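Trainee: Quick one: sequence and predicted model below, then my questions.
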2 protein chains.
Amino acid sequence: MNQVSSFLLRIGLSPFSPDVMDTGTPAAADTSKQPRTERGRRTLRKLLDAAAVEFGERGFHEASISGITARAGTALGSFYTYFDSKEAIFQALVRDMSEAVKVAAREALAEPASALERERAALTAFLRFAAEHKEVYRIIDEAEFVDPESYRQHYETTGARILDRLREGARKGELRADLEEAHAWAIMGMNVFLGLRYAVWGEGDLPAERVAAIAGDLLAKGIAADR
Amino acid sequence: MNQVSSFLLRIGLSPFSPDVMDTGTPAAADTSKQPRTERGRRTLRKLLDAAAVEFGERGFHEASISGITARAGTALGSFYTYFDSKEAIFQALVRDMSEAVKVAAREALAEPASALERERAALTAFLRFAAEHKEVYRIIDEAEFVDPESYRQHYETTGARILDRLREGARKGELRADLEEAHAWAIMGMNVFLGLRYAVWGEGDLPAERVAAIAGDLLAKGIAADR
DNA sequence: AGAAAACTTGAAACCTGGTTCATGTTTCAA
DNA sequence: TTGAAACATGAACCAGGTTTCAAGTTTTCT
């Protein structure tokens, strides 16, 4: 029911870690809301885990605070000890998850390989992660409407990381030298849609490796007929 | 304020055309709701146009029926003469817009060209359309949460059309023979994300042709360094 | 013309669910 | 031990927006 908690357990502890780069939303002085007690930290974590499930299952608007607190096994009122509003917890969740996706990708890129191999590995990891945590996928996607700033930040950051890899590949002479932001976004879009189709919707009609192989090979050679 | 109406004027007349393929949602016996009068058709159209603006500007949940009727210049109660609920008009809108996107793409593919050229042309058209009708983009995207069935149908149909083109290209020997559904989805994802980044978000930092050229060339040759 | 059907109207009923709050319990440091 | 701060509780409050409805007005058809 909550494979989510595994990574939230890891991440959840720092849901309010100061934003590395404050982008617009004042992020509020949530100092007042930070738990000062072990018990408090436990409750906060339960709420975040519960929210991930609730939002993932019912979507932002269908989801209810009482649904979250019920799942968390806390009283309705307790919610407001930790979050100012429904939006606030959603935002915390989105940022944690964005981070979680990033981490998952980074891990997959641990051992060095050719630039093309790396893109394939990254996609495989992403597909596996998405299949494992469909809620994450959904929540980040819904952020486009609930918390546009975080949504934008997520994709801009992700795009920038892809571009970095492309440039690195170009530097090593493995990739073309003229790659730019648009290439990174094209690859990102590819990945996201393949994730939607095969990881989130697909009941595994194509395994992650296969999908990643197809995309990798598309990146390597294009789709034109061999001459 | 409503460049939308132009295409809705065209499409709006048949918002209830029987679904070619009923997919799950019973689509209800909307026979009862079909206008039987010229006046009725006019009002229905006003409501759809207004809804496109309202939903596009405020998103599904922020949008209100009274907002729609106010923009349409009709009474609140009249809304329910034509739609059963907020969801119902949203669905009608999504399906119309899905159709509109399809039409725009078809038009761009009017004159024959090489398979790769066609993909580039399709993307250019899509980017132009998206820039022109950001609301459409947003509404279709939000359907993922408000009306998942229509959302899925939109992308499955679109993906299928792309795949058809790829197969056609393969048949003519211009494209590789091993292209499959995943390739179509990869291309679709590419297009959608480039649309989001450069048509919807971008203030035209890159013109549609340039973006389409980059993507087209990625499809043609891949991103590996020339050997 | 006359009557039925189609359509319009906007006030008000109705619901839902986010948020508040006053009261109690637990934790922790001195 | 003890008091203050942190945290927990859930009934009640409340705003806002969807939906209903009964009473008109316009259109269509014979």
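Mentor: That came in fine, so what should we check first? Predicted, not measured: the structure shown is a model, and the values here were computed from it. Residues are numbered from 1 along each chain as shown, chains lettered A, B, ... in the order given.

Trainee: DNA strand D contacts on chain A?
Mentor: A:35-37, A:39-40, A:43, A:74-78, A:80-81 (CB under 7 Å from any atom of the strand). Placement of C-beta: from N, CA and C, glycine included.

Trainee: Narrow those to those in helices?
Mentor: Per DSSP state H, helices hold the following members of the residues of chain A next to DNA strand D: A:39-40, A:43, A:80-81.

Trainee: Who wins on neighbours among those?
Mentor: residue A:43 (20 neighbours; other CB atoms under 10 Å in any protein chain shown).

Trainee: From chain B, how far off is that residue?
Mentor: In this view, residue A:43 and chain B are 28 Å apart by CB to the nearest CB, to the nearest Å.

Trainee: Surely that residue is in contact with residue A:79?
Mentor: No - between residue A:43 and residue A:79 there is no contact under CB atoms under 8 Å: 9.6 Å.

Trainee: Could you identify the most distant pair in the ones in helices among the residues of chain A next to DNA strand D?
Mentor: By the measure CB to CB, A:39 and A:80 form the most distant pair in these, at 16.5 Å.

Trainee: quick check, residue A:190 in a helix?
Mentor: Yes - counting by DSSP: H, G, I helix; E, B strand; the rest coil, residue A:190 is located in a helix.

Trainee: okay, among the residues of chain A next to DNA strand D, which ones form the most distant pair?
Mentor: In these, two members sit farther apart than any others by CB to CB. They are A:36 and A:76, at 21.8 Å.

Trainee: just the helices in chain A please.
Mentor: Secondary structure of chain A (DSSP H): helices at A:4-11, A:38-62, A:65-72, A:79-82, A:86-108, A:115-132, A:134-146, A:148-171, A:181-194, A:208-221.

Trainee: Quick one: residues contacting residue A:193.
Mentor: Contacts for residue A:193 (CB atoms under 8 Å, 6 or more residues apart in numbering or on different chains) come out as B:155, B:185-186, B:188-190, B:192.

Trainee: Include neighbour count and distance to residue B:213 when you put the residues you listed into JSON lines, please.
Mentor: Conversion of the contacts of residue A:193 to JSON lines gives the following (neighbours: other CB atoms under 10 Å in any protein chain shown; distance: CB to CB, whole Å):
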{"residue": "B:155", "neighbour count": "22", "distance to residue B:213": "25"}
{"residue": "B:185", "neighbour count": "26", "distance to residue B:213": "22"}
{"residue": "B:186", "neighbour count": "27", "distance to residue B:213": "18"}
{"residue": "B:188", "neighbour count": "22", "distance to residue B:213": "18"}
{"residue": "B:189", "neighbour count": "25", "distance to residue B:213": "18"}
{"residue": "B:190", "neighbour count": "27", "distance to residue B:213": "13"}
{"residue": "B:192", "neighbour count": "21", "distance to residue B:213": "18"}
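
Trainee: Among those residues, which one sits closest to residue A:197?
Mentor: Nearest to residue A:197 among those, with distances taken as CB to CB, is residue B:185, at 4.9 Å.

Trainee: Near DNA strand C, which residues of chain A? Just list them.
Mentor: Applying CB under 7 Å from any atom of the strand, one finds that chain A approaches DNA strand C through A:37-39, A:62-66, A:76-77, A:79-80, A:85-87.

Trainee: Any of the residues you listed buried? List them.
Mentor: Neighbour-count burial (16 or more other CB atoms under 10 Å in any protein chain shown) is assigned, among the residues of chain A next to DNA strand C, to A:63, A:65, A:79, A:86.

Trainee: Looking at those, which one is closest to residue A:120?
Mentor: Out of these, the member with the shortest distance to residue A:120 (by CB to CB) is residue A:63, at 35.7 Å.

Trainee: that older thread, can you flag the weakest of the helices of chain A by average pLDDT?
Mentor: Mean pLDDT is lowest for helix A:4-11 among the helices of chain A, at a mean of 40.

Trainee: Was I right to think residue A:169 contacts residue A:115?
Mentor: Yes - using CB under 8 Å, residue A:169 is in contact with residue A:115, at 2.8 Å.

Trainee: so what's in contact with these two at the same time?
Mentor: What both residue A:169 and residue A:115 touch, as defined by CB under 8 Å, 6+ apart, is the set residue A:175.

Trainee: Any figure for the gap between the residue of chain A found nearest DNA strand D and residue A:83?
Mentor: As assessed by CB to the nearest atom of the strand, DNA strand D sits closest to residue A:77 within chain A, at 1.5 Å. Residue A:77 is 12 Å from residue A:83, where distance means CB to CB, to the nearest Å.

Trainee: what do you get for residue A:103?
Mentor: 23 Å.

Trainee: ok, now residue A:169?
Mentor: Counting by CB to CB, the gap from residue A:169 to residue A:83 is 42 Å.

Trainee: now swap in residue A:114 and tell me
Mentor: For residue A:114, the distance to residue A:83 equals 45 Å [CB to CB].

Trainee: more neighbours, the two?
Mentor: residue A:83 (22 against 14).

Trainee: distance between stretch A:88-106 and the chain's centre?
Mentor: In terms of CA atoms, centre = their mean, to the nearest Å, the centre of stretch A:88-106 is set 5 Å apart from its chain centre.

Trainee: Buried residues, that stretch. List them.
Mentor: In stretch A:88-106, counting by 16+ other CB under 10 Å, buried: A:88-101, A:104-105.

Trainee: Over to stretch A:203-213?
Mentor: Neighbour-count burial for stretch A:203-213 flags A:206, A:208, A:211-213 (criterion: 16+ other CB under 10 Å).

Trainee: Report the entries of these that also contact chain B.
Mentor: The subset of the buried residues of stretch A:203-213 within reach of chain B, by CB under 8 Å from any CB of the partner chain, is A:206, A:211.

Trainee: Out of the buried residues of stretch A:203-213, which is nearest to residue A:122?
Mentor: Here the nearest of these to residue A:122, counting by CB to CB, is residue A:212; it sits at 8.5 Å.

Trainee: so what's the closest one up against?
Mentor: A:120-121, A:123-124, A:127.

Trainee: Kindly recompute the last result at 10 Å.
Mentor: Residue A:212 makes contact with A:119-128, A:191, A:194, A:198, A:206, B:182, according to CB atoms under 10 Å, 6 or more residues apart in numbering or on different chains.

Trainee: shared neighbours of residue A:77 and residue A:83, anything?
Mentor: Residues touching both residue A:77 and residue A:83 (CB under 10 Å, 6+ apart): residue A:65.
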